[in-house]
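> Could you work out the structure for the sequence below:
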Amino acid sequence: MKPLAILGVVLILAGIGGLIFRSVHWTETKNVADIGPIQINSQEDHSVWIPTAAGIAAVIAGVGLVFVSRRSA
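Numbering: from 1, shown residues only. From the prediction side, this is the model:
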């Protein structure tokens with residue numbers, strides 16, 4: 001497989017993943033204080049929203065790259 005076709009397939013999969021999973025959430029634990037045997041931690045929730053237009057653009061760009069790589073063969 002050509003590198004352009006591989007990049008196209010990766011973009012298609014990433015775009016479909018972005019359309020299925022609308023956001024990514026994770027929790028980060030930070031050490032606030034460490035006093036001898038006592039530790040104080042805080043947890044922060046983070047979320048990143050994935051725009052629909054970005055998913056659609058990635059799929060279209062991936063299909064275009066796969067098409068161009070097949071035509072130039």
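
> alpha carbons only for contacts and neighbour counts from here, please
OK.

> Surely Asn31 is in a strand?
Yes: counting by DSSP: H, G, I helix; E, B strand; the rest coil, Asn31 falls inside a strand.

> Check Asn41 and give its pLDDT.
pLDDT, Asn41: 94.

> And the residue lying closest to it once chain neighbours are set aside, what's its pLDDT?
Using Cα to Cα, 6 or more residues apart in numbering and skipping residues adjacent in sequence, the residue nearest Asn41 is Asn31, 4.5 Å away. Looking at Asn31, its pLDDT stands at 91.

> Report whether the expected contact of Asn31 with Ser42 is present.
Yes: counting by Cα atoms under 8 Å, Asn31 touches Ser42, with 6.5 Å between them.

> Which strand or helix spans Ser47?
strand 38-49 (DSSP states H and E).

> Only C-alpha atoms, please: export that strand in CSV.
C-alpha atoms of strand 38-49 as CSV (Å, rounded to 0.1, in the frame of the first residue of the first chain):
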residue,chain,number,x,y,z
ILE,A,38,0.0,12.1,54.5
GLN,A,39,-0.7,13.0,50.9
ILE,A,40,-3.4,15.4,49.7
ASN,A,41,-4.6,14.9,46.1
SER,A,42,-7.1,16.7,43.9
GLN,A,43,-8.9,15.3,40.9
GLU,A,44,-9.8,17.4,37.9
ASP,A,45,-12.2,16.3,35.2
HIS,A,46,-11.4,17.2,31.6
SER,A,47,-13.4,16.9,28.5
VAL,A,48,-12.6,17.8,24.8
TRP,A,49,-15.5,18.1,22.4
